[in-house]
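**Student:** here is a sequence together with a model predicted from it:
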There are 2 protein chains.
Amino acid sequence: MKAIEKLRKSQERLNTSLCVGIDPDFNKTPSIFPKSAKGIEEFSLKIIDATKDFASAYKINFAFFEYFGSKGLEALENIFNNIPDNIFTIADAKRSDIGNSSQFYAKAIFNHFNFDSVTVNPLMGKDSLVSFFEFTDKMIFLLGITSNSGADDFLKLYFNDKHLFEIIIEKSQLWFEQDNLGFVVGATQINEFKTARQLAPNNYFLIPGIGSQGGDFNKLKEYKLNPSIINVSRDILFASSQIDFAEKANKKAQEYFNLFSLF
Amino acid sequence: MKAIEKLRKSQERLNTSLCVGIDPDFNKTPSIFPKSAKGIEEFSLKIIDATKDFASAYKINFAFFEYFGSKGLEALENIFNNIPDNIFTIADAKRSDIGNSSQFYAKAIFNHFNFDSVTVNPLMGKDSLVSFFEFTDKMIFLLGITSNSGADDFLKLYFNDKHLFEIIIEKSQLWFEQDNLGFVVGATQINEFKTARQLAPNNYFLIPGIGSQGGDFNKLKEYKLNPSIINVSRDILFASSQIDFAEKANKKAQEYFNLFSLF
């Protein structure tokens, strides 16, 4: 099955576009978990178990695992293998390199792991992206307009009346198929969200920035929100820092699950 | 010792700006090495041993190790620990993320490993970079103008008479200290090299693209080449695919060592 079909099925089955972001910052995990690769693995497994009835997708951010080196990647491997097969998976890796090297990153994500999709940084241009898109069954989310304040520095520069992020969205659609190509569009960027959606009305948007980062879902809804994957990480993962963290994560996930219902 | 001092000492001690790039593509390693994480580890260790008298720096590209997941990172850890202490080290990771996550990438590179420097993708702007620069003893090489053809797609766009890569070089100098801030400037980009050097006359340039990628060293020399680190990967690593690979790598490294002499 193509990744985009798996995504559609997973969202339709649960009637939600909620994606739970696995960002296990060991500074914020409950104190019962050791501050180690094993600790964030155990925490993440409990979170997946507590949220799997509400998550149409899981997005795993590689940074929190790389922190622990090879042991961290081992934890990531174990976590990935414990995600139910019918839930869409996103490797939030934001990789970028020249073709020769990006090929190895692509194979890491799609062959070593078997993620359904990946986030990629498009700065280095088409030939740095092709290796990812050669996996024609997978989905690639290019950074479009990110949720952080630094998005102003380069992504919002104007080039002949178009922002850089608009050019990224336009050019990449000429290069790659719609079914494979999505964009990361931050929920904190309301005006840019509107623009991005006009430029790519039918591509999936991966939307971070709801919750801790302050993005306003109700504002987003004023524009064409779908097709989209709406990610919440910290607000669910760290709903409680106590022994009841899983129960609270479950409740919080259910709230977002309802809020992000498709129909 | 600050990383920049270590770099200066290493280059002065050997009188060369040669950096050997550890890009162990298992498709190209001699057949005596298994196509595994252990295989690329053994190959890389032999290459380091064969080139350490000529290398003022080693640049390790993470893609070739991530390919093998946790076992690959284990190989990277072992290789890193076998680089002589007085040789400058570069984590060629090209990472990028929002502040909360990029902090973990920075700590992976500088705490878990103890690299002297890292390559970073600046697309997401200042707040995505700050976590790296908080390591004030280290050096951060931002992608300036990369050596691949895709550099044309975004990095060479004009914004108000300036290319995006020029804006990256200008803005980042306002944000960060010269001793910590370097730029990746591809040897295949002669005109852009000249421009980049005018904008950042005293920042270290990390220069890939000589050798297999076709960059012409003699053309580069017409401009202000130093301070710079000139990287060669494939041309040294795969100088021979036979049993004499180490001997050939040694010879090839010596050639570049001489070519890139400082004085």
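**Tutor:** Thanks, I have it.
**Student:** for the residue lying closest to A:F183 once chain neighbours are set aside, pull up the helix or strand it's in.
**Tutor:** In this structure, A:F183 finds its nearest non-sequential neighbour in A:G144, 3.6 Å apart by Cβ to Cβ, 6 or more residues apart in numbering or on different chains. Every residue, glycine included, has its C-beta placed from N, CA and C. Using DSSP states H and E, A:G144 falls within strand A:139-145.
**Student:** for the residue nearest to A:F183, what are its contacts?
**Tutor:** A:155, A:165, A:168-169, A:183-185, A:196, A:205 (Cβ atoms under 8 Å, 6 or more residues apart in numbering or on different chains).
**Student:** mind checking how far it is from chain B?
**Tutor:** Relative to chain B, A:G144 is positioned 11 Å away (Cβ to the nearest Cβ, to the nearest Å).
**Student:** show the model's pLDDT score for that residue.
**Tutor:** In this prediction, A:G144 carries a pLDDT score of 98.
**Student:** count the residues that sit near A:L206.
**Tutor:** 25 (other Cβ atoms under 10 Å in any protein chain shown).
**Student:** how near is it to chain B?
**Tutor:** Here A:L206 is placed at a distance of 13 Å from chain B (Cβ to the nearest Cβ).
**Student:** also A:F141?
**Tutor:** 14 Å.
**Student:** need the contact list for the closest residue to that residue other than its chain neighbours.
**Tutor:** Nearest residue to A:F141, sequence neighbours excluded (Cβ to Cβ, 6+ apart): A:G182, at 4.2 Å. Contact analysis of A:G182 by Cβ under 8 Å, 6+ apart lists A:117, A:139-142, A:203-206, A:229.
**Student:** mind running it again at 7 Å?
**Tutor:** A:139-141, A:203-206 (Cβ atoms under 7 Å, 6 or more residues apart in numbering or on different chains).
**Student:** pLDDT added to those, as CSV?
**Tutor:** Below are the contacts of A:G182 laid out as CSV (pLDDT from 0 to 100):
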residue, pLDDT
A:M139, 98
A:I140, 98
A:F141, 98
A:N203, 98
A:Y204, 98
A:F205, 98
A:L206, 98
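**Student:** re the thing from before, let me know the helix or strand that the residue nearest to A:F141 is in.
**Tutor:** Counting by DSSP H and E, A:G182 is found in strand A:181-185.
**Student:** before we move on, back to that, the contacts of A:G182: which two are farthest apart?
**Tutor:** A:I140 and A:F205 (13.1 Å; Cβ to Cβ).
**Student:** looking only at neighbour counts, state which of those two leads.
**Tutor:** Legend: neighbour count by other Cβ under 10 Å for A:I140 and A:F205, higher for A:F205 (26 against 23).
**Student:** how about the contacts made by that one?
**Tutor:** A:F205 neighbours (Cβ under 7 Å, 6+ apart): A:182-183, A:185, A:228.
**Student:** any idea how far the residue nearest to A:F183 is from A:Q254?
**Tutor:** According to Cβ to Cβ, to the nearest Å, A:G144 and A:Q254 sit 29 Å apart.
**Student:** pLDDT (mean, whole number) over the strand holding A:G182?
**Tutor:** 98.
**Student:** partners of that strand in the sheet?
**Tutor:** Applying DSSP bridges to the sheet, strand A:181-185 is found paired with strand A:139-145 (parallel), strand A:205-207 (parallel).
**Student:** report the buried residues of that strand.
**Tutor:** Residues A:181-185 are the ones in strand A:181-185 that count as buried (16 or more other Cβ atoms under 10 Å in any protein chain shown).
**Student:** list the buried residues for the host helix or strand of A:N218?
**Tutor:** Assigned by DSSP H and E, A:N218 falls within helix A:217-220. Residues of helix A:217-220 classed as buried: A:217, A:220 (neighbour count, 16+ other Cβ under 10 Å).
**Student:** next one: stretch A:160-173
**Tutor:** A:163-169, A:171-173.
**Student:** repeat that for stretch A:150-160.
**Tutor:** Along stretch A:150-160, these residues count as buried under the neighbour rule (16+ other Cβ under 10 Å): A:150-151, A:153-157.
**Student:** again with stretch A:75-85
**Tutor:** A:75-80, A:83.
**Student:** A:K156 looks like it's in a helix, true?
**Tutor:** No - with DSSP: H, G, I helix; E, B strand; the rest coil as the criterion, A:K156 is coil rather than part of a helix.
**Student:** cool, thanks, talk later.
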